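1. predicted model and sequence below, questions to follow.
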Amino acid sequence: MASPQFIFLFLDGVGLAEDCSSNPFISADATPFLNQVLGGPLLSGLWVDTPKILFQPIDARLGVPGLPQSATGQTALYTGCNAPAFLGRHLTAFANGSLRSLINASGMFKQALALGGSVTHTNFYPPAYFEAIAQRRARYSVGTLLALTAGVPFRMSKNYAQGEAIYWDITGERLKDRGVEVPAVTPQEAGQRLASLGTQHHLALFECYLPDYAGHHQDMAQALQVIALVDALIESVVAHLSSQVTLIVSSDHGNIEDLSSKSHTLNPVPLLVIGPEATAFKNVHAITDITPKIVELLSVESFA
Ligand SMILES: [Zn+2]
């Protein structure tokens with residue numbers, strides 16, 4: 001593949017805050033890899049702009065009053081549409097009918113496919129997930145709708161067994177809750193899986209919800225464990241990243257960076273881009289700018 005390729009690592013609920021005791025990112029040991037690569041902890045004010053590495057805070061509030069939430073934030077990330085402005089409010093958790101219309105019309109998978117690119121959702125979907133959906137015990141996430149509306153197949157048990165899928169908790173330890181008993185995957189192995197899937201597609205998405213859960217729990221020990229796991233995952237993806245693949249890491253809203261409250265925050269979220277296209281993301285200032293940028297970079301290249 002001669003065209004640019006992207007891995008989008010979505011982290012739910014990671015914002016950038018000041019150096020204060022309720023912020024797990026202030027501990028230098030919490031994210032050893034990112035600290036080394038970025039030259040400091042993930043705090044507001046951190047700004048890195050080198051040819052292969054970009055780090056900057058981006059806006060998740062999108063001009064709409066109230067605390068940013070997951071359904072509108074993820075829709076904004078994956079479509080480029082100002083979903084909270086469209087609805088008139090920030091919407092929590094799952095995508096309702098009108099957000100679905102935005103995802104269906106402007107989802108990044110559909111847009112990349114229309115350009116002739118190949119896309120994949122790298123998350124593992126265990127059978128119990130679809131049973132829960134069928135029994136109306138669960139509703140589709142934005143990322144699930146993104147794949148569904150684009151006709152992108154889900155990675156199922158066979159893929160997971162073959163090392164070609166990652167569970168949303170990185171290690172798969174929470175698969176027990178879904179009735180799946182499998183050995184845990186190390187973050188190094190998960191990173192290798194993600195890098196490998198990224199090499200095979202123009203756009204590969206992985207969604208990790210751990211930071212948002214940790215933030216809502218307001219538990220510093222849990223938060224430190226989660227951000228260390230994410231740091232190890234990113235380290236492994238970067239170690240296994242093909243030279244033509246660019247890794248993009250971002251979030252839908254703040255949460256884990258301020259454990260003094262159990263709700264989301266108004267803070268900006270990080271945009272970390274590592275790889276050949278890093279510099280191109282310098283003019284990404286809000287979570288709505290990421291999908292248009294990916295589509296722009298994919299569309300200037302012809303797919304071999
Ligand atoms: Zn949340």
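-> Perfect, thanks for sending it. Numbering: from 1, shown residues only.
2. so, low pLDDT: which residues of the chain?
-> 1-2, 301-304 (pLDDT under 70).
3. how does it look with 80?
-> By pLDDT under 80, the weakly predicted segments of the chain are 1-2, 28, 93, 95-97, 301-304.
4. helix or strand right after the lengthiest helix in it?
-> When the chain is parsed with DSSP state H, its longest helix is helix 220-239. Toward the C-terminal end, the helix or strand that comes next after helix 220-239 (DSSP states H and E) is strand 245-251.
5. okay, angle between that following strand and helix 220-239 too, please.
-> Angle of strand 245-251 versus helix 220-239, following axes from the mean of the first three to the mean of the last three Cα atoms, to 10 degrees, is 160 degrees.
6. the nearest residue to Ala195 once chain neighbours are set aside: what's it in contact with?
-> Counting by Cβ to Cβ, 6 or more residues apart in numbering, Ala195 lies nearest to His240, which is 3.5 Å off, once chain neighbours are set aside. Every residue, glycine included, has its C-beta placed from N, CA and C. Counting by Cβ atoms under 8 Å, 6 or more residues apart in numbering, His240 touches Gly191, Gln192, Ala195, Ser196.
7. Ala204 too?
-> The neighbourhood of Ala204, defined by Cβ under 8 Å, 6+ apart, consists of Gln5, Phe6, Ile7, Phe8, Val119, Thr120, His121, Thr122, Leu194, Leu197, Gly198.
8. check which helix or strand covers it.
-> With DSSP H and E as criterion, Ala204 is part of strand 203-208.
9. reformat the contacts of His240 as TSV; add distance to Gly151 and secondary structure.
-> Supplementary listing: these in TSV, determined by distance: Cβ to Cβ, whole Å; DSSP: H, G, I helix; E, B strand; the rest coil:
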residue	distance to Gly151	secondary structure
Gly191	28	helix
Gln192	27	helix
Ala195	25	helix
Ser196	23	helix
